[in-house]
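*Asks:* Sequence and computational prediction follow.
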Amino acid sequence: MNFTAIDFETATGYPHSACAVGIVTVEDGIITEEYHTLIQPPDNEYWYRNIMVHGIKPVETLNVPTFDMLFPEIRDRLFGRKIVAHNESFDRNVLMKTMSWYGLYYDELEIADRWECTCKIYRAKGYPKANLKYCSDRNGIQLNHHEALSDARACAKLYLLHDGQVKMRV
């Protein structure tokens, strides 16, 4: 099983305000690479309520690259891959809107218009709650919630469990 799990954190309520991304690559059912970076959002603007969720502050992204500068690294990890996210519509929208903000084209990634969604998968399994924390806790997956890499890693592990894969080495 080969796929890439992704999670974004945003600085504001606008989907083009990505301030962190976590990307986990899975090859043959094994986590083979993890990538995390902070991203300077447009004008380095943050909303207080977003800071309260993920804890990332403007001072932390003041001197980090913007999304367009980081895009070659992100593109290399996503190009042509099956993409999985816990709330795929949120993360897919953040990627699409952030790319558009910087004049980049989603189609060049050669990925699906809809991704695999572990939230939908676990809701369909009958979980009373399907948020990432609940699903992770119920399956014994360690999670530092709203830290992009931890969220992407938990999503990857949930997807592997869903498919019956149990080889999870990093």
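*Replies:* Perfect, thanks for sending it. As the structure is a computational prediction, the values presented were derived from the model and not from experiment.

*Asks:* Let me see the ranges of the helices in the chain.
*Replies:* For the chain, the helices defined by DSSP state H occupy 48-54, 58-61, 67-78, 88-101, 118-124, 132-138, 148-162.

*Asks:* Mean pLDDT and distance to residue 7 for these - can I get that in CSV?
*Replies:* Glycine gets a C-beta too; all of them are placed from N, C-alpha and C. Below are these laid out as CSV (pLDDT from 0 to 100; distance: least, C-beta to C-beta, whole Å):
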stretch, mean pLDDT, distance to residue 7
helix 48-54, 98, 10
helix 58-61, 98, 17
helix 67-78, 98, 12
helix 88-101, 98, 6
helix 118-124, 97, 11
helix 132-138, 97, 9
helix 148-162, 97, 4
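
*Asks:* Pick the most deeply packed of those helices.
*Replies:* Across these, the average number of neighbours (mean count of other C-beta atoms under 10 Å) peaks for helix 148-162, which reaches a mean of 24.

*Asks:* which secondary structure elements does it contact?
*Replies:* The contact analysis (3 or more C-beta pairs under 8 Å, 6 or more residues apart in numbering; DSSP states H and E) places helix 148-162 against strand 3-10, strand 18-27, strand 30-38, strand 83-85, helix 118-124, helix 132-138.

*Asks:* and those as a markdown table, adding distance to residue 96?
*Replies:* As requested, these are exported to a markdown table (distance: least, C-beta to C-beta, whole Å):
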| stretch | distance to residue 96 |
| --- | --- |
| strand 3-10 | 11 |
| strand 18-27 | 11 |
| strand 30-38 | 19 |
| strand 83-85 | 12 |
| helix 118-124 | 18 |
| helix 132-138 | 21 |
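
*Asks:* looking at the ones you listed, which is closest to residue 101?
*Replies:* Evaluated over the helices and strands packed on helix 148-162, closeness to residue 101 peaks at strand 18-27, with 9.1 Å, by C-beta to C-beta.

*Asks:* Can I get the closest one as PDB, trimmed to CA atoms?
*Replies:* As requested, the backbone C-alpha atoms of strand 18-27 are provided in PDB (Å, rounded to 0.1, in the frame of the first residue of the first chain):
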ATOM      1  CA  ALA A  18      -1.300  27.700   5.600                       C
ATOM      2  CA  CYS A  19       1.200  28.100   8.400                       C
ATOM      3  CA  ALA A  20       2.400  24.500   8.800                       C
ATOM      4  CA  VAL A  21       2.200  21.200   6.900                       C
ATOM      5  CA  GLY A  22       3.000  17.700   7.800                       C
ATOM      6  CA  ILE A  23       3.500  15.000   5.100                       C
ATOM      7  CA  VAL A  24       4.000  11.300   5.800                       C
ATOM      8  CA  THR A  25       5.000   9.000   2.900                       C
ATOM      9  CA  VAL A  26       4.000   5.300   3.100                       C
ATOM     10  CA  GLU A  27       5.500   2.700   0.800                       C
END
